[in-house]
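Engineer: predicted model and sequence follow; I will ask about them next.
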Amino acid sequence: MNDFKLVKVELHNFKAFKSKIINIESGNLSLLDGPNGFGKTTFFDALELLFTGKVERYNNWDKDVTNQRVNFGRHPLLNEKVSGVDKLFVEVKFRCNGKELTLKREANAKQLLKLRRLESAQFDLFEYEHSEWKKIDSPEKYIELAFGDNYLKNYGVMHYIQQEDSTQILKSKDTTKQDKINHLFNVDIYQSKVNKIGGILTSLGKLKGKPVETGINSLQSEIDTEKQQLSSISHPVEYIRLVEGLEYPWDQKEIPENLDVIKTWLEETSDLSRLHHLINNKKYYLDYRFNQKLKLDLSLLDKQGSETDKAIIPLLQFGHRLAFIKEYSEQLALIKSAENFIEATENGLLEAIKNEKALPNVKLYEDCLKTSNRDLLSTEVETLVVLNNSAEDLEKTLNNIKRIHAEITSEHIKYTHQVKEDGEKCPTCAYPWGSHDELIEQFEKRKIKIDEVLKKVSGDFTIKLLNVDNNYVQPIRKLLTEYIDSFKGKKSYLEKICQLSERQVNFLSNLYELYVKYNIDIKQYCVTGFNLDTTVGIEKLKTKIASLYRPVDLNLLEDDFDYLFQDVLGSSDHLLKKLKPEDINLKKSFLRYQYSLAQRKGLKEKEKDLIQRENKLKRVNEYHTKLKTLQNIYSDSIKTYISDVS
């Protein structure tokens, strides 16, 4: 390493100095003395910047800022009065073996002002040679070449004393401090090996210790317990098929070698175990199902399984009379026809004739008016129709003549008035009357004659109409009214039974037959007469049905029996009757045997796993012991070396 001595330090826009030159004339030890704030630290900051291109303590301060998005503000190395066009530089002159070396670190103030982080600052290194400054392209390499290997690494340890008379190394973090000490004593390579061994020991520590040993001991305990259980394994159990026609994993001959699965099949809550309960109480359950089927067949239950009277009410009202619906429909049709005729003749026979409703239909005569002669009434009505049409035509003609006569008379009066002479000739036929007055008299006589004819025609028709109404229509109305009144107490019943749809009639017919199948005479409970009230009949019918129920102790029926019967046994009464409790016990014994076989295979796997764990722990302990010994050797050697060179 060359023996360099400082000759001059020149500062420009550096910290507190706008421009400052420090000449060092002594060839021996030089001391800087003075109170705080007079630039001693600035002098050393300038040297550090020249050699390293940074001031470490400022960069460390900037890195310690919690929020890195916060700017540090003005660059701490810039003089506060600097402008954007100025430059900051530190120039140092050295003397070595009679030769001079002048170096300079420089940066534009404008660039420094824009920076957000101090470590981003770039200070270029220049060498003064042949009366000009030459920029150094590789500053770190140049410094190492000029001032010795590892110069930059050793700078913070060997060359820089900060304020408070403490070295930078003592103010570093523990990890950084140790790295610098290791580097200083040239033991960093060996310390790295110690650290690496420590990391390996930490990893190995996770593979040993109490948790690992506990796991091995627990596995050993499981193996011992299972060995003891397996020592009591019985002889092989014969396979039998429990549920024919249905496929269940637990009912197969080939059972999967899965301990957890087989264990669930043997649990008390499994379908197989629950099936045992059903079979033990199957008599009560089958009787319960018989009662439910009876209720369902007789439509005493709705779709949700709740009891209801919705079906048996119409059954007791109409079930015994479904065969008479056609007859009832015809009776209702007759009643309707009778009501229509009475309504049509309510406003008089003439109105009925005009509406062509003066004759009852043939069916009414056949069933209700057997004492009446429809042909006579028909003839009279036809005559009235003719007379009415003739009278209307004659009336129209006479009224027309009357109108024309009045018009001619009026015109004749106007004519005689205009000519101022009394006319004696008829304006219609030109007959010469003796005088005008005689002509007018004849006009009036004609008018009276026409009115007399109209009255006669009208009177004859009215008399005829009245006779037909009294002799035929009114008696028929009376008979039909009596017929309608005869259905007064049952008309509502007839209407309701006739309103049944074909689907409803079929349903009630089938339901009626089902009651017959159960030996229940439904007629005994149906309504009497044409009364729609079924209250009494329903109570008696339910009492009769209850006598058919089988006695069941509901406390012995459990909630899952329906599920087991429907989903497990496929709703098969035959299968439920066939199964016995010993069948379930035999199936469980077969499964336990299969479980023991799977357990034996699992035991072998556990024993293999135990051996692997013990061997692994043994190797880990061996490696840990060897590495710990090696780590201690390295650590002791480092301590001894440092002690020897200190």
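Structural biologist: Alright, I've got the coordinates. Since the structure is predicted, the reported quantities are computational estimates derived from the model, not experimental observations.
Engineer: and the strands in the stretch 51-200 of the chain?
Structural biologist: 87-96, 99-108, 124-129, 132-135 (DSSP state E, counting those that start in this stretch).
Engineer: of those, flag the one that's most buried.
Structural biologist: strand 87-96 (a mean of 19; mean count of other Cβ atoms under 10 Å). In short, each C-beta sits where N, CA and C put it, glycine included.
Engineer: please name every helix or strand in contact with it.
Structural biologist: Judged by 3 or more Cβ pairs under 8 Å, 6 or more residues apart in numbering; DSSP states H and E, strand 87-96 is in contact with strand 5-14, helix 40-52, strand 99-108, helix 109-114.
Engineer: neighbours around Leu359, how many?
Structural biologist: Residues contacting Leu359 under the criterion other Cβ atoms under 10 Å number 20.
Engineer: could you do Glu366 as well?
Structural biologist: By other Cβ under 10 Å, the burial measure for Glu366, its neighbour count, is 11.
Engineer: just say helix, strand or coil for it.
Structural biologist: The three-state label given to Glu366 by DSSP: H, G, I helix; E, B strand; the rest coil is helix.
Engineer: tell me the domain boundaries of this protein?
Structural biologist: 5-149, 215-281+562-641, 287-325+495-557, 345-486 (automatic domain parsing).
Engineer: re the thing from before, got the helices and strands packed on strand 87-96 as JSON lines, with distance to His277 columns?
Structural biologist: Below are the helices and strands packed on strand 87-96 laid out as JSON lines (distance: least, Cβ to Cβ, whole Å):
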{"stretch": "strand 5-14", "distance to His277": "97"}
{"stretch": "helix 40-52", "distance to His277": "88"}
{"stretch": "strand 99-108", "distance to His277": "93"}
{"stretch": "helix 109-114", "distance to His277": "86"}
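Engineer: possible to save the ones you listed as TSV with mean pLDDT and distance to Thr202?
Structural biologist: Converted to TSV, those look like this (pLDDT from 0 to 100; distance: least, Cβ to Cβ, whole Å):
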stretch	mean pLDDT	distance to Thr202
strand 5-14	93	48
helix 40-52	90	35
strand 99-108	93	44
helix 109-114	88	45
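Engineer: of all those, which lies closest to Val527?
Structural biologist: Nearest to Val527, of all these, is helix 109-114, at 107.6 Å by Cβ to Cβ.
Engineer: helices or strands up against the closest one?
Structural biologist: Secondary elements touching helix 109-114 (3+ Cβ pairs under 8 Å, 6+ apart): strand 87-96.
Engineer: what angle sits between the strand it packs on and strand 124-129?
Structural biologist: Between strand 87-96 and strand 124-129, the angle comes out at 50 degrees (axes from the mean of the first three to the mean of the last three Cα atoms, to 10 degrees).
Engineer: just the mean pLDDT for strand 87-96, thanks.
Structural biologist: Per-residue pLDDT over strand 87-96 has a mean of 93.
Engineer: hmm, back to that, closest to Gln220 out of the helices and strands packed on strand 87-96?
Structural biologist: helix 40-52 (62.8 Å).
Engineer: contacts made by that closest one with the rest, please.
Structural biologist: 9, 11, 14-17, 22, 32-34, 54-56, 77, 90, 92, 103-105, 123, 143, 147, 151-152, 155, 159-163 (Cβ atoms under 8 Å, 6 or more residues apart in numbering).
Engineer: give me the number of residues near Leu576?
Structural biologist: A count of nearby residues for Leu576, using other Cβ under 10 Å, gives 20.
Engineer: verify the stated contact: it with Phe565.
Structural biologist: Yes. Look at Leu576 against Phe565 with Cβ atoms under 8 Å: they come within range, at 6.5 Å.
Engineer: in the chain, where's the longest helix?
Structural biologist: helix 581-645 (DSSP state H).
Engineer: how far off centre is it?
Structural biologist: The chain centre lies 48 Å from the centre of helix 581-645; the measure is Cα atoms, centre = their mean, to the nearest Å.
Engineer: in stretch 534-542, which residues are buried?
Structural biologist: 534, 537-538, 541-542 (16 or more other Cβ atoms under 10 Å).
Engineer: ugh, typo on my part, it should be stretch 347-357
Structural biologist: Quick answer for stretch 347-357 (16+ other Cβ under 10 Å): 349-350, 352-353.
Engineer: quick one: terminal-to-terminal distance for it?
Structural biologist: 12 Å (Cα to Cα, to the nearest Å).
Engineer: could you do stretch 110-119 as well?
Structural biologist: End-to-end distance (Cα to Cα), stretch 110-119: 16 Å.
Engineer: check which residues of that stretch are buried.
Structural biologist: In stretch 110-119, counting by 16+ other Cβ under 10 Å, buried: 112, 115, 118.
Engineer: distance of the last one from Gln331?
Structural biologist: Spatial separation of Leu118 from Gln331 under the definition Cβ to Cβ, to the nearest Å is 115 Å.
Engineer: what ranges do the helices span in the stretch 51-200 of the chain?
Structural biologist: All helices of the stretch 51-200 of the chain, identified by DSSP state H, counting those that start in this stretch, fall at 56-63, 109-114, 139-147, 151-158, 174-184, 188-205.
Engineer: mind listing what Leu556 touches?
Structural biologist: Per Cβ under 8 Å, 6+ apart, neighbours of Leu556: 281, 284.
Engineer: if we can go back for a sec, need the buried ones from the contacts of helix 40-52 selected in PyMOL.
Structural biologist: Restricted to buried positions by 16+ other Cβ under 10 Å, the PyMOL selection for the contacts of helix 40-52 reads:
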select buried, resi 9+11+14+15+17+54+55+56+77+90+92+103+104+105+123+143+147+151+152+155+159+160
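Engineer: before we move on, back to that, the buried residues of stretch 347-357 in helices, which ones?
Structural biologist: 349-350, 352-353.
Engineer: fine by me, thanks again.
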